[in-house]
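Colleague: coordinates for the following, if possible.
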Amino acid sequence: MAKDKKLKTNAMRILDSKKVSYEMLSYESEDGKIDGISVAHKIGVDEKNVFKTLVAQGTSKELYVFVIPVAEELDLKNAAKIAGEKKVEMIAVKDIMKYTGYIRGGCSPMFI
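Modeller: Residues are numbered from 1 along each chain as shown. Down below sits the predicted model:
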């Protein structure tokens, strides 16, 4: 009989190897609503307890990962100041996989 194999992210594999417990939550995405606020509602979690991972690039070409509440927007000027950069810009959606190994909406703040 075939073993029921669940898809796992690299972050999940590392947590498993370290014997760290976690809960995987899934949701329907056929409606196209994959923004953080919609997902929070779909999984029944207060949006104040759901965060998004954003990847930006500084003028130095260094990449920066920011984790903020899903209902908030990243202040790029403040992000640049925090990163010690003159300026930071969000990486293009088409480049997310290339830089992080994850798809849009699936970036884990750990292990990027």
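
Colleague: let me see the ranges of the helices in the protein.
Modeller: 10-17, 36-43, 76-83, 96-100 (DSSP state H).

Colleague: for the record, mean pLDDT for the third one?
Modeller: I take that to be helix 76-83. Averaging pLDDT along helix 76-83 yields 98.

Colleague: in it, what counts as buried?
Modeller: 79, 80, 83 (16 or more other CB atoms under 10 Å). Any C-beta I mention is one placed from the backbone N, CA and C, and that applies to glycine too.

Colleague: tell me which of the helices of the chain sits nearest to residue 58.
Modeller: Proximity to residue 58 (CB to CB) singles out helix 76-83 among the helices of the chain, at 5.6 Å.

Colleague: pLDDT below threshold where in the chain?
Modeller: 1-5, 110-112 (pLDDT under 70).

Colleague: distance of residue 103 relative to residue 78?
Modeller: When CB to CB, to the nearest Å is the yardstick, residue 103 and residue 78 sit 27 Å from each other.

Colleague: again, but for residue 33
Modeller: 28 Å.

Colleague: same check on residue 23?
Modeller: 32 Å.

Colleague: can you check residue 105 too?
Modeller: 24 Å.

Colleague: list the buried residues for stretch 92-99?
Modeller: residue 96.

Colleague: meant to ask about stretch 27-41, not that
Modeller: 36, 38, 39, 40.

Colleague: quick one: the third one from residue 16, how far?
Modeller: What it means is residue 39. 23 Å.

Colleague: got it, and the last one?
Modeller: Going from residue 40 to residue 16 by CB to CB gives 25 Å.

Colleague: repeat for the second one
Modeller: Distance, residue 38 to residue 16, using CB to CB: 28 Å.

Colleague: same question for residue 92.
Modeller: 32 Å.

Colleague: same deal with residue 102?
Modeller: For residue 102 relative to residue 16 (CB to CB), the value is 18 Å.
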